[in-house]
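Student: The following block contains a protein sequence and its predicted model.
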Amino acid sequence: MAIGDSFFCGDCGYELTGLHHSGSCPECGRAYDMGSGVGVSSEASRRSARGDFLMRRLRTIALGLITLGIVGLTVLVASLNQSIKPVMWGGLFAAIAGLATLTSFLYERSED
């Protein structure tokens, strides 16, 4: 961590800049050491974490929209063809896309 960076508690995000080099966070009590970086995050790492979170969220939203698109297309094709085959295939693809969306959502939550 470079000199001049703002330092934050790794748990609660409390700004530690200006406090002792090591100690306990006044907000949550977590131990920190600015020298080793234990229990500390910098503004750069916080920006990077926000960017990563936004990318994970966008992936989940995109997968959800793909799932809805597959369902809508399946309904449209099935109503035009009056056949059960498009519903079976569309249902299969929608289920796969839905599972991918759910997996992405759960992965997104586990990284918070």
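Tutor: Thanks, I have it.

Student: Output the longest helix belonging to the protein.
Tutor: Among the elements of the chain assigned as helix by DSSP state H, the one spanning the most residues is helix 43-81.

Student: Which pLDDT value belongs to Leu76?
Tutor: Listed pLDDT for Leu76 reads 90.

Student: Counting neighbours, what do you get for Thr17?
Tutor: Neighbours of Thr17 under the rule other Cβ atoms under 10 Å: 12. (Glycine included, C-beta is placed from N, CA and C.)

Student: Helix, strand or coil: sort out it for me.
Tutor: Following DSSP: H, G, I helix; E, B strand; the rest coil, the label given to Thr17 is coil.

Student: residue furthest from the geometric center of the protein?
Tutor: Gln82 (40.6 Å; Cα atoms, centre = their mean).

Student: How about Phe93, nearest residue that isn't a chain neighbour?
Tutor: Ile70 (5.2 Å; Cβ to Cβ, 6 or more residues apart in numbering).

Student: Please tell me I have it right and that neighbour contacts Gly90.
Tutor: Yes. The pair Ile70 and Gly90 passes the contact test of Cβ atoms under 8 Å, sitting 6.2 Å apart.

Student: follow-up on the earlier one: can you give me how far the longest helix of the chain is from the chain middle?
Tutor: 12 Å (Cα atoms, centre = their mean, to the nearest Å).

Student: tally of neighbours for Ala95?
Tutor: Ala95: 12 neighbours (other Cβ under 10 Å).

Student: Run through the neighbouring helices and strands of the longest helix of the chain.
Tutor: helix 85-110 (3 or more Cβ pairs under 8 Å, 6 or more residues apart in numbering; DSSP states H and E).

Student: Tell me where the model's unsure across this protein.
Tutor: 1-5, 42-48, 111-112 (pLDDT under 70).

Student: repeat that with 90
Tutor: Along the chain, the parts satisfying pLDDT under 90 run over 1-24, 27, 29-54, 75, 77-87, 107-112.
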